[in-house]
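**Student:** Provide a 3D model corresponding to the input given below.
(chains A and B)
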Amino acid sequence: AQTVTQSQPEMSVQEAETVTLSCTYDTSESNYYLFWYKQPPSRQMILVIRQEAYKQQNATENRFSVNFQKAAKSFSLKISDSQLGDTAMYFCAFMNPSGANSKLTFGKGITLSVRP
Amino acid sequence: DVKVTQSSRYLVKRTGEKVFLECVQDMDHENMFWYRQDPGLGLRLIYFSYDVKMKEKGDIPEGYSVSREKKERFSLILESASTNQTSMYLCASSLPDRTRYSNQPQHFGDGTRLSIL
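**Tutor:** Okay, the predicted model is just below:
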C-alpha cells in the first residue's frame, strides 16, 4: 500500500516571501501521479498542481512549482510571492493509475498561514 | 466548471439514527468518492463508485454504506450513527483514467460537517 507523509503540521510565511511545503511518499510502482490540493477556510478542496512520475520536468503553475525527486520519493511544493489568499490547508496526494478506479491517497495535511 | 454539491454544510444527528449524506455532480462523471476528514489524519477514503450501481470499499468502510442509483448522485449512509462518526465528510467526482498515462483530477464539494450527539 502507498503512504504519503507530510511531517510538518503547520507553517507560517510572510506575505511576498517564498515557502516550501514538504511531502514524501512510499510506493513500489514506477508510474504514478502526485498532487497538491489546497483547502482554504471556506473548505472546498481545489487542485493546485500535479506531476506525472514519468515526466522528469518539474510541474509549474504560476506561483506554484514542485520539486519532484523520484529516487528520493520526495514531492515538495514551492509557493513564490506568497499572498494572503494562500492561507489554507495543503494536502499532498498520490495516485497509482489502475484503469477507471484510480484512488487518491492523501497525507495528513499542513496548515499554512500567510502573515500580512 | 465542475459543480459538486453536497446537500448540507452542517448536520446534527443523534446516536443510532440512520443518516443520509447526498452528493450531486453536474459533469457526467463516472467516478464518485466519499472521504472523511479528521484533524491530524487527513482525508481517508470511505467508498467510491465508478459507475451506476457499482461501489467499492475504500480504506475505512466500516459503519457506512453507499448508494449510486443515478450517475449524478452518490449517497453515503450511516446505518446507525455513532459518536465516532462525527467528522467532516467530503464528496468528489472525476472522469475515469482511460490509460495508464492519463489522469483526471478529482473535483470536491464544500463538505458536510456532521455531528453525532
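**Student:** Those residues of chain A touching chain B, which are they?
**Tutor:** Residues of chain A found near chain B (C-beta under 8 Å from any C-beta of the partner chain) are A:4, A:6, A:9, A:31, A:33, A:35, A:42-47, A:50, A:52, A:54, A:91, A:95, A:97, A:99-104, A:106-109. All C-beta atoms are positioned from the backbone trio N, CA, C, and that covers glycine.
**Student:** Return a PyMOL selection command for the buried portion of those.
**Tutor:** Listed next is the PyMOL selection for buried residues among those, using 16 or more other C-beta atoms under 10 Å in any protein chain shown:
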select buried, chain A and resi 4+6+33+35+43+45+50+52+91+95+97+100+101+102+103+104+106+107+108+109
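**Student:** Just the ones of the residues of chain A next to chain B in strands?
**Tutor:** With strands taken from DSSP state E, the overlap with the residues of chain A next to chain B comprises A:4, A:33, A:35, A:46-47, A:50, A:52, A:91, A:95, A:104, A:106.
**Student:** low pLDDT regions in chain A?
**Tutor:** A:98-102 (pLDDT under 70).
**Student:** and what of chain B?
**Tutor:** B:1-2, B:97-103.
**Student:** picking that back up, just put the ones in strands among the residues of chain A next to chain B in a markdown table and tack on distance to residue B:57.
**Tutor:** A markdown table is the format used below for those (distance: C-beta to C-beta, whole Å):
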| residue | distance to residue B:57 |
| --- | --- |
| A:4 | 20 |
| A:33 | 22 |
| A:35 | 22 |
| A:46 | 27 |
| A:47 | 25 |
| A:50 | 26 |
| A:52 | 27 |
| A:91 | 22 |
| A:95 | 18 |
| A:104 | 15 |
| A:106 | 17 |
